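Visitor: Let me see the structure of the following:
(one chain, ligands or ions: 1)
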Amino acid sequence: MNPMKRKKSSGAGGTGPAGGLGAVGAGRPTAVTTAPQARTGDESGSLLTARGLRKTYGPTPALENASFDIAAGEIVAVMGPSGSGKSTLLHCLAGIVAPDAGELRYQGRDVAAMSDRERSALRRHDFGFVFQFGQLVPELTCAENAALPLRLNGVRRREAARRAAEWLARLEVDDVSGKLPGEVSGGQGQRVAIARALAAGPRVVFADEPTGALDSFNSERVMNLLTDAARESGAAVVLVTHDARVAAYSDREVVVRDGRTRSLGWAA
Ligand SMILES: Nc1ncnc2c1ncn2[C@@H]1O[C@H](COP(=O)(O)OP(=O)(O)OP(=O)(O)O)[C@@H](O)[C@H]1O
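Guide: The predicted structure is shown next:
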């Protein structure tokens with residue numbers, strides 16, 4: 001077991017990787033692995049599977065024969081240099097961007113064969129999103145933002161507010177519930193965005209540089225809360241980051257270089 005890897009479900013106030021974000025370098029991944037251990041999902045154990053994804057923007061190839069697997073409850077970091085295709089991979093996996101070629105399966109179902117309506121229902125019900133800048137709706141309070149996915153899923157106002165309040169408390173930002181996003185700090189805004197992403201009970205959270213705009217103290221706090229909350233609720237996390245300290249919170253890393261993926265596992 002790699003000493004950098006944290007125990008699962010450390011609960012509220014968990015401590016993250018040994019030494020937190022300060023402990024970089026020790027025990028970097030060494031073993032190349034294949035697909036993750038079977039848990040749930042399709043017969044291979046994968047919840048979300050991509051094979052041979054290709055995406056080109058005009059003359060620019062963003063993804064070339066990229067593959068990806070994530071099992072239920074797994075946290076996978078997608079790493080790589082700037083412009084290597086990490087965000088494009090995340091957008092393809094989340095069904096936000098249609099790849100030019102390749103196959104994407106969610107719980108064994110071919111995502112390309114779904115109607116637009118089915119795909120957007122999938123995004124609403126099964127997926128949650130956290131981006132570098134929280135992308136909270138500026139006109140809504142933090143509580144209203146956190147309740148928004150539940151409301152879009154048809155949950156009644158009172159029940160949505162109750163569940164949102166629970167998540168805001170879980171993410172330790174209940175004190176800013178009544179404030180607008182413009183009135184809270186970057187770290188608080190990201191924690192509200194995580195509450196919003198998790199409140200609707202997603203099976204997969206897509207997090208694109210969720211700590212990119214935060215200092216190291218707030219990054220550590222956000223990563224602890226994000227990964228603890230995801231583990232407790234059983235959500236898988238696709239975590240795009242260029243920061244090894246953030247990737248250290250994952251179970252496994254996938255490296256993207258020039259649009260191609262390579263899996264890195266942790267040495268046993
Ligand atoms: N909407 C777009 N239109 C045109 N080119 C794009 C678009 N999105 C991405 N690209 C290009 O595709 C390539 C991969 O971009 P992508 O954003 O996926 O990389 P990344 O690894 O996430 O980068 P970063 O770490 O800097 O965010 C880059 O060359 C980028 O310029």
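Visitor: can you pull out the helices in the stretch 101-250 of the chain?
Guide: Under the criterion DSSP state H, counting those that start in this stretch, the stretch 101-250 of the chain contains helices at 116-126, 142-152, 157-170, 186-199, 216-233, 244-247.
Visitor: Comparing the ones you listed, which comes out most buried?
Guide: helix 186-199 (a mean of 26; mean count of other C-beta atoms under 10 Å). All C-beta atoms are positioned from the backbone trio N, CA, C, and that covers glycine.
Visitor: which other helices and strands contact that helix?
Guide: On a contact count with 3 or more C-beta pairs under 8 Å, 6 or more residues apart in numbering; DSSP states H and E, helix 186-199 meets strand 127-130, helix 142-152, helix 157-170, strand 204-208, helix 216-233.
Visitor: Can you name the residues of the stretch 1-150 of the chain that neighbour the ligand?
Guide: Selection of the stretch 1-150 of the chain residues close to the ligand by C-beta under 6 Å from any ligand atom yields 57, 60, 62, 80, 82, 83, 84, 85, 86, 87, 88.
Visitor: one more time with 8 Å, if that's ok
Guide: 55, 57-58, 60-63, 80-91 (C-beta under 8 Å from any ligand atom).
Visitor: separation between residue 75 and residue 56?
Guide: Going from residue 75 to residue 56 by C-beta to C-beta, to the nearest Å gives 29 Å.
Visitor: ditto for residue 244
Guide: In terms of C-beta to C-beta, residue 244 sits 29 Å off from residue 56.
Visitor: what stretches of the stretch 1-150 of the chain score poorly on pLDDT?
Guide: 1-44, 134 (pLDDT under 70).
Visitor: Residue 136 is in contact with residue 142, isn't it?
Guide: Yes. With contact defined as C-beta atoms under 8 Å, residue 136 reaches residue 142; the gap is 7.2 Å.
Visitor: Now do the shared contacts for the two.
Guide: Contact criterion C-beta atoms under 8 Å, 6 or more residues apart in numbering; residues bridging residue 136 and residue 142 by contacting each: 181, 192.
Visitor: So for residue 195, what's the pLDDT?
Guide: Listed pLDDT for residue 195 reads 91.
Visitor: Can you tell me, leaving aside adjacent residues, what's nearest to it?
Guide: Counting by C-beta to C-beta, 6 or more residues apart in numbering, residue 195 lies nearest to residue 167, which is 3.8 Å off, once chain neighbours are set aside.
Visitor: check contacts around that neighbour.
Guide: Applying C-beta under 8 Å, 6+ apart, the residues near residue 167 are 146, 195, 196, 198, 199, 229.
Visitor: next one: residue 195
Guide: Going by C-beta under 8 Å, 6+ apart, residue 195 touches 146, 164, 167, 168, 170, 171, 173.
Visitor: hang on, the fourth one packs against residue 145?
Guide: No. Counting by C-beta under 8 Å, no contact exists between residue 168 and residue 145, whose distance comes to 9.5 Å.
Visitor: tell me the phi and psi of whichever residue of the stretch 101-250 of the chain sits closest to the ligand?
Guide: Nearest residue of the stretch 101-250 of the chain to the ligand: residue 242, at 5.4 Å (C-beta to the nearest ligand atom). Note on residue 242: backbone dihedrals following degrees, to the nearest 10 are phi -100, psi 0.
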